[in-house]
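Undergrad: Any chance you can model this:
(chains A and B)
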Amino acid sequence: LAKTTQPISMDSYEGQEVNITCSHNNIATNDYITWYQQFPSQGPRFIIQGYKTKVTNEVASLFIPADRKSSTLSLPRVSLSDTAVYYCLVGDYNTGGFKTIFGAGTRLFVKA
Amino acid sequence: EPEVTQTPSHQVTQMGQEVILRCVPISNHLYFYWYRQILGQKVEFLVSFYNNEISEKSEIFDDQFSVERPDGSNFTLKIRSTKLEDSAMYFCASSEDSPSSYEQYFGPGTRLTVT
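TA: Next up, the predicted model:
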C-alpha cells in the first residue's frame, strides 16, 4: 500500500476555495486515490475517488497529474460546516481485501 | 438513503469482560469492515470480511478479536477479554462488490469504554 503525506492542518475562510494536496510517490499502477471526510465523533464519509486526470462531483474536484505521484482535493467555496479532517487514501482494491489504511489526515478549519 | 447502523452507540464494560459490537451493513453490500479510532488519533483498519471469511486483517486484530456474520444482515465484532487500551470508537463499514466503486459507507460508531 502506498504511503501518503498530507499537511497536518489548514485554515481557510468561508467562501474560499480550498486545495489539499496529498503526496503518494510510491503509487502503484493499479492503485486508486480516494478521499474521505470525517467530522468529530462520526464515521468517515466518502468524498471522491479517481485514477487519473480530473474527477468532479457535486461536492469536490480531484486533480491527479500524469505521474500520479500526488493528488489535490479541491473544495469550492467552503463553509463553516466543511471544518473536518480530510483523509487521502491510496490502494488497489481488486485484491478482494480492501485493506484501507488511513493516514493522519488534514484538519481543515474554516473561519467566518 | 441506505445507511450502516451500529448498536449500541455507547458500551461501558469492565476490563476482562467480553463485548460484542453489532453492525447492520447496507443490504446489497458484500464487503464488510471494522475500524477503530482512539480519541484524538487516526482511524485504524482492523479487518475486512468477504464471502463469510476474513479477507485482510491488521496487526491490531489479534486473537482476542473475532468477527462473524451470524445471519444475512448482522456483522459483529467480538472482543474476548477487553483491556483498557481497547477503549475507542469502533466503526463498521460496508461496500459494494464492484471494482469500480471503492466507496465505503461508515456507520455512526460504537464508543467502547473499558474501565
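
Undergrad: which ones are touching the nearest residue to residue A:17 once chain neighbours are set aside?
TA: Distances taken as Cβ to Cβ, 6 or more residues apart in numbering or on different chains put residue A:76 closest to residue A:17, at 5.3 Å, once the chain neighbours are dropped. Where you see a C-beta, it was placed from the backbone N, CA and C, and this is true even at glycine. For residue A:76, the contacting residues are A:17, A:60, A:61, by Cβ atoms under 8 Å, 6 or more residues apart in numbering or on different chains.

Undergrad: which of those residues has the most neighbours?
TA: Top of these by neighbour number is residue A:60, holding 19 neighbours under the definition other Cβ atoms under 10 Å in any protein chain shown.

Undergrad: Can you report phi and psi for it?
TA: Reported as degrees, to the nearest 10, the phi and psi values for residue A:60 are phi -160, psi 170.

Undergrad: Make sure it is actually in contact with residue A:47.
TA: Yes. Under the contact definition of Cβ atoms under 8 Å, residue A:60 touches residue A:47, with a separation of 5.4 Å.

Undergrad: Which residues are in contact with each of the two?
TA: Applying Cβ under 8 Å, 6+ apart, one finds that residue A:60 and residue A:47 are jointly contacted by A:35, A:73.

Undergrad: Flag every residue of chain B that's near chain A.
TA: Taking Cβ under 8 Å from any Cβ of the partner chain as the test, the list of chain B residues beside chain A reads B:4, B:31, B:33, B:35, B:42-45, B:48, B:50, B:55-56, B:58, B:89, B:91, B:93, B:95, B:99, B:101-109.

Undergrad: Give me the pLDDT for the spatially most central residue of chain B.
TA: In chain B, the centroid-proximal residue (Cα atoms, centre = their mean) is residue B:34; its distance is 2.9 Å. Per-residue pLDDT puts residue B:34 at 96.

Undergrad: now the closest residue to chain B within chain A, what's its secondary structure?
TA: Of all residues in chain A, residue A:43 sits closest to chain B, at 2.9 Å by Cβ to the nearest Cβ. For residue A:43, the secondary-structure state derived from DSSP: H, G, I helix; E, B strand; the rest coil is coil.

Undergrad: Fine by me, thanks again.
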